[in-house]
Structures are given as structure tokens and as C-alpha cells.
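> A structural model of the following input is requested.
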Amino acid sequence: MSDFSEQAYPRQDLTHRIIAGFFRVHSKLGFGYLEAVYRRALAIELAYLGLQVREEVPFELSYRGVSIGLYRADLVVQSTVR
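Prediction:
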């Protein structure tokens, strides 16, 4: 049996809202568009739901304490979920 506690899976409420927003976007737009269309629509939907959303957010990645370059997250929600 899986442990779905808040400790095992933090930010469950936020994750639920993001997934619900994704399904709303997909049900409205359907399939066949480029990823950028869905990313932008999801950003709009999440903002409509009252969530703080930033797009194309750069941040540095490291491995074993050594920088391996910059990564650009499609969306960052509430400054916590990438």
C-alpha cells in the first residue's frame, strides 16, 4: 500500500490544482498544437485559478556541486513547482 501522506508527497493541494488546470486546457484545446501553445494556455489557466506562474524561468543546474549549465523551466508555479 502506498503512502500518500503530505510528508511523502508535499504540496498535494497545489499539484492537484495544476493537474486540474492541465485537464481543463486539454479539454478546451484538444490535441495537435505545439507544446508552446499548451504551456501558454496552462499559464493563463493557472493564473486564472489564482496561482502565481512564471514562464521560461532560467536556473543553474549542478551535479555533485559542480555547475553543469543553465536549464529553462517551462513553468514555475507558486515559486515551488517546476
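
> Tell me which residues are up against whichever helix in the chain runs longest.
The helix spanning the most residues in the chain, taking DSSP state H as the definition, is helix 12-29. Identification of contacts with helix 12-29 by CB atoms under 8 Å, 6 or more residues apart in numbering yields 4, 6, 9, 37-38, 41-42, 45-46, 49, 51, 77-78, 80-81. For the C-beta atoms, the positions are set from N, CA and C on the backbone; glycine is no exception.

> Now it: buried residues?
Of all the residues in helix 12-29, those buried under the rule 16 or more other CB atoms under 10 Å are 17-18, 21, 24-25.

> Quick check: of these, which lies closest to Y71?
When these are compared for distance to Y71, the smallest value, 19.2 Å, is given by I18; criterion: CB to CB.

> which of the contacts of helix 12-29 lies closest to S62?
Distance to S62 across the contacts of helix 12-29 (CB to CB) is lowest for T80, with 19.1 Å.

> sorry, back to before: of the contacts of helix 12-29, grab the buried ones for ChimeraX.
Isolation of the buried members of the contacts of helix 12-29 (16+ other CB under 10 Å) is achieved in ChimeraX through the command below:
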select :38,41,42,45,46,51,77,81
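
> Could you list which of the contacts of helix 12-29 belong to strands?
Under the assignment DSSP state E, the contacts of helix 12-29 contribute V77 to strands.

> Now the two most distant members of the contacts of helix 12-29.
Farthest-apart pair in the contacts of helix 12-29 is E6 and V37; separation 33.6 Å (CB to CB).

> Out of the contacts of helix 12-29, the closest to F31 would be?
In terms of CB to CB, no member of the contacts of helix 12-29 lies closer to F31 than Y38, at 9.3 Å.

> Can you give me the distance of the residue nearest to the closest one when sequence neighbours are not counted to Q78?
For Y38, ignoring the flanking residues on the chain, the nearest one in space by CB to CB, 6 or more residues apart in numbering is V25 at 6.2 Å. Distance check for V25 against Q78: by CB to CB, to the nearest Å, it reads 18 Å.

> same thing with T15?
The gap separating T15 from Q78 is 10 Å, by CB to CB.

> what's the answer for R72, then?
Here the distance between R72 and Q78 works out to 18 Å (CB to CB).
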